[in-house]
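Enquirer: What follows is a protein structure lacking sequence information:
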């Protein structure tokens, strides 16, 4: 009885092992079990079998971002082992104690699970278990601006460690109009005796409506270089060939920001509010002080300052009667400075007086809101005067009166006289009329069939040209699709080189106008140069073929940055020859 019970237990265990094994063949590894808000942790799910597929569950308290899959092969004591590693970045959304649950990993008909992992998330102000040599912050130049007032948002990445592949994710800036303020700046600064590299990115924000506006956190995905791995136990070889950088992928986030936008106070002064917010000045001038009647004189108005000057419109001009005026297109000299938009906008108006005398133009007024003084300000041009003189060179107008004959003065009837022969006879020479024999049948058919034959030849040539053009367009479209597929696969080494080979073949086919298979380096050089590509572009494509063959047959590999450069080389070649 006991023996039968033991056999039954063994059968049950084998049955369970075929469907689900707990923590056998898969494991979850994190780079830290304790972190602060704004930091991230790296989770690696490692499986010891082929075709492993991770079904990542939701993790309470975290946002999860997949970072691709890698595979490795090792040979130890004559035995080959294979590992499939899936990489994830986990960013905490609140403080507390959390658990990464058991993660199912499927391979074939088997499902294995990792062990759960406990994680502690502290507040930002809490002391860290280690002194992290990096930090990210975001702030605004003014947290209580007025509607239309310029605000500068600044992102700062401060690090004492080397880094690579930094990618900034900006918030959406809902409720603002936004513009990039240049390409950012980088500098060094010593803080508490430690040298830091500081990288800043600025964004110009202009609030569009009053109220409380939340700016979401910015995120920075960056690889922190934590050291170098040695390839051998001999330092000589490490010095000559160098070890590989050990890079720890991080996703750093800033805190939320809140901006309280104030409405503009009501305006009840003279003139009308221009809608401008900032610091401005107004200048006005006349082209000349004396002008003849009927000749134009130009009035120039210039608004200069810092703020939403791009929204400036021509001020209202009050002209006396007896004048015509014609506005011109405004001239802008506006640029983005460190504090936002600044420059000047010039408005020109051509004024044409019709009568002699002295003309006085009422003062031109500009009203804007100044956030510094929290009040409306007014600038006035003062009265503008010019003198109009008689125009002695005015064009004379001829006046005609009717006489007894009903013909206007200066216009007389002219006698109609016969010059030469008005009408010629139809034929002046009897021999000019000749008899032409009828056209023969052969000549008639040739006369009718010639244009038809030329038309058919033109149609056939057009069809062939269209067919060749259609084939070339299809090849070019396929080349663009293959290049995009290779670009998406840069994080997966094995998939990338297969896609890269397909992209290279498709690009060569688009250049040659026919499908290309089994290429050599000489074939690539001949195709690229025949299509008008440069020698450098041809050599880059040969290098791509070499890297594909090295990865396929020799096991060679390179980093993700090098893979992206290979794809960009194909993109540049297609643009160069317009494939």
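Expert: Good, I have the coordinates. Only a predicted model underlies this, so the values are computations on that prediction, with no experimental measurement involved.
Enquirer: Can you tell me the SS state at the residue lying closest to residue 481 once chain neighbours are set aside?
Expert: Distances taken as C-beta to C-beta, 6 or more residues apart in numbering place residue 506 nearest to residue 481, at 7.7 Å, with adjacent residues excluded. From N, CA and C alone the C-beta is placed, and that goes for glycine too. At residue 506 the chain is in helix, as set by DSSP: H, G, I helix; E, B strand; the rest coil.
Enquirer: With the one 4 residues further on instead?
Expert: Three-state assignment for residue 510 (three-state DSSP): helix.
Enquirer: you'd agree it is up against residue 482?
Expert: No. Checked against C-beta atoms under 8 Å, the pair residue 510 and residue 482 is beyond contact range at 9.7 Å.
Enquirer: When those two are compared, which one has more neighbours?
Expert: Neighbour count, other C-beta atoms under 10 Å: between residue 510 and residue 482, residue 510 has more, with 27 against 22.
Enquirer: before we move on, back to that, can you report how many residues lie near the residue nearest to residue 481?
Expert: Using other C-beta under 10 Å: residue 506 sits among 25 other residues.
Enquirer: Could you check how far it is from residue 522?
Expert: Using C-beta to C-beta, to the nearest Å, we find residue 506 at a distance of 19 Å from residue 522.
Enquirer: what do you get for residue 45?
Expert: Taking C-beta to C-beta, one finds residue 45 at 45 Å from residue 522.
Enquirer: which ones are touching the residue nearest to residue 65 when sequence neighbours are not counted?
Expert: The shortest distance from residue 65 to any residue other than its chain neighbours is 4.5 Å, reached at residue 89 (C-beta to C-beta, 6+ apart). Contact analysis of residue 89 by C-beta atoms under 8 Å, 6 or more residues apart in numbering lists 40, 41, 42, 43, 64, 65, 67, 221, 249, 250, 251.
Enquirer: Contact partners for the closest residue to the third one other than its chain neighbours?
Expert: I take that to be residue 42. The shortest distance from residue 42 to any non-neighbouring residue, by C-beta to C-beta, 6+ apart, is to residue 31 (4.5 Å). Residues in contact with residue 31 (C-beta under 8 Å, 6+ apart) are 41, 42, 248.
Enquirer: Between the contacts of residue 89, which sits nearest residue 340?
Expert: residue 221 (28.7 Å; C-beta to C-beta).
Enquirer: The closest one sits in which helix or strand?
Expert: strand 219-229 (DSSP states H and E).
Enquirer: Show the secondary-structure elements that that strand is packed against.
Expert: strand 134-140, strand 151-159, strand 163-169, strand 244-253 (3 or more C-beta pairs under 8 Å, 6 or more residues apart in numbering; DSSP states H and E).
Enquirer: Now do the helices in the chain.
Expert: Counting by DSSP state H, residue ranges of the helices within the chain are 2-19, 235-241, 441-488, 493-512, 521-530, 535-549, 560-577.
Enquirer: so who does the residue nearest to residue 539 when sequence neighbours are not counted touch?
Expert: Nearest in space to residue 539, with sequence neighbours left out and distances taken as C-beta to C-beta, 6+ apart, is residue 525 at 7.8 Å. For residue 525, the contacting residues are 538, 539, 542, by C-beta under 8 Å, 6+ apart.
Enquirer: do the same with residue 345
Expert: Contacts of residue 345 by C-beta under 8 Å, 6+ apart are 302, 303, 304, 309, 310, 312, 330, 331, 332, 333, 334.
Enquirer: any idea how far it lies from residue 274?
Expert: For residue 345, the distance to residue 274 - C-beta to C-beta - is 11 Å.
Enquirer: what residues do those two have in common as contacts?
Expert: Joint contacts of residue 345 and residue 274 (C-beta under 8 Å, 6+ apart) are residue 312.
Enquirer: what about the spatially closest residue to residue 547 that is not a sequence neighbour, neighbour count?
Expert: In space, and not counting its chain neighbours, residue 547 is closest to residue 566: 6.5 Å by C-beta to C-beta, 6+ apart. Residue 566 has 23 neighbours, counted by other C-beta under 10 Å.
Enquirer: now residue 383
Expert: Residue 383 has 10 neighbours, counted by other C-beta under 10 Å.
Enquirer: Equivalent analysis for the one 5 residues further on, please.
Expert: Using other C-beta under 10 Å, the number of residues around residue 388 comes to 22.
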